[in-house]
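Q: Need a 3D model of the sequence below.
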Amino acid sequence: MTLTGFSATSSGRPPRGSLLELSPLYPVTMCSRIELGDVTPHNIKQLKRLNQVIFPVSYNDKFYKDVLEVGELAKLAYFNDIAVGAVCCRVDHSQSQKRLYIMTLGCLAPYRRLGIGTKMLNHVLNICEKDGTFDNIYLHVQISNESAIDFYRKFGFEVIETKKNYYKRIEPADAHVLQKNLKTPPPLGQSTDVQKLDN
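A: Next up is the predicted model:
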């Protein structure tokens, strides 16, 4: 299940007194730093708290166990050394293709529109480009999340399908499947196999 954090919960902020409490008046200056860091057993709880605030669904223990095993495909986003967002992906071998699936990508509400989501998505796209073997990258987005849909379209993603009742216990329950193709399909009728020439 994928949700992108461009339409967070009511305030978009964690409960007062939590480790993630943030001021909406946090100054944004020219020297503000946006950095990505590894997800480790030492900060996995921080990722859990971010997800609880950003997304209207909860993720089980298996999700977080898997995240610890994907290496560069999971990152925490820091704004001036404060964890404010995260991206988590996995490799999906389906439809006879190698695909990258964005499980979650989101940022706390006071820190949106600062380039944090762009930095996280560019990190994922760069991994795919360097690897060179991915056919496409895809995710699910709630149909009402227009800001997320617009965001991904700017990076070349397209809505390829709408799944009815994809989400449980949240409304609307339908989700768009957004996909960005990373390989150009061969012309119709042309084999992708390299033919060996006779000497």
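Q: Point out the other elements, helices or strands, that the longest strand seen in the chain touches.
A: Secondary structure of the chain per DSSP state E: the longest strand is strand 82-94. Counting contacts by 3 or more CB pairs under 8 Å, 6 or more residues apart in numbering; DSSP states H and E, strand 82-94 packs against helix 44-54, helix 61-67, strand 74-79, strand 97-107, helix 116-131. Quick note: C-beta positions are derived from backbone N, CA and C, even for glycine.
Q: So which residue is dead centre in this structure?
A: Nearest to the geometric centre of the chain sits L105, at 3.0 Å (CA atoms, centre = their mean).
Q: which regions of this structure sit below the pLDDT cut-off?
A: For the chain, the stretches flagged by pLDDT under 70 are 1-31, 185-199.
Q: give me the number of residues near the residue lying closest to R90 once chain neighbours are set aside?
A: Distances taken as CB to CB, 6 or more residues apart in numbering put Y101 closest to R90, at 5.4 Å, once the chain neighbours are dropped. When neighbours are counted by other CB atoms under 10 Å, Y101 registers 17.
Q: Would you agree Y101 is in contact with H93?
A: No. Using CB atoms under 8 Å, Y101 is not in contact with H93; the gap is 10.4 Å.
Q: residue contacts, the residue nearest to C89 when sequence neighbours are not counted?
A: Leaving aside its sequence neighbours, C89 sits nearest to L73 (CB to CB, 6+ apart; 4.2 Å). Neighbour list for L73: C88, C89, R90, V91, L100, V124, I127 [criterion: CB atoms under 8 Å, 6 or more residues apart in numbering].
Q: which ones are touching the fourth one?
A: In this case it means V91. V70, L73, K98, R99, L100, Y101 are the contacts of V91 under CB under 8 Å, 6+ apart.
Q: same thing with the first one?
A: For C88, the contacting residues are V39, L47, F63, V67, V70, L73, A74, I102, M103, T104, L105, by CB under 8 Å, 6+ apart.
Q: top of the residues you listed by neighbour count?
A: Neighbour tally across those (other CB under 10 Å): the maximum, 27 neighbours, falls on L105.
Q: what's the distance between that one and H42?
A: Distance from L105 to H42, counting by CB to CB, to the nearest Å: 22 Å.
Q: wait, doesn't E158 sit right on V177?
A: No. E158 lies out of contact with V177 (CB under 8 Å); the separation is 9.5 Å.
Q: Would you mind telling me which of the two has the busier surroundings?
A: Set E158 next to V177 and count neighbours by other CB under 10 Å: V177 wins out with 17 against 13.
Q: Pull the number of nearby residues for the residue nearest to the more buried one when sequence neighbours are not counted.
A: Closest residue to V177 apart from its sequence neighbours, by CB to CB, 6+ apart: E161 at 4.2 Å. Counted with other CB under 10 Å, the neighbours of E161 add up to 11.
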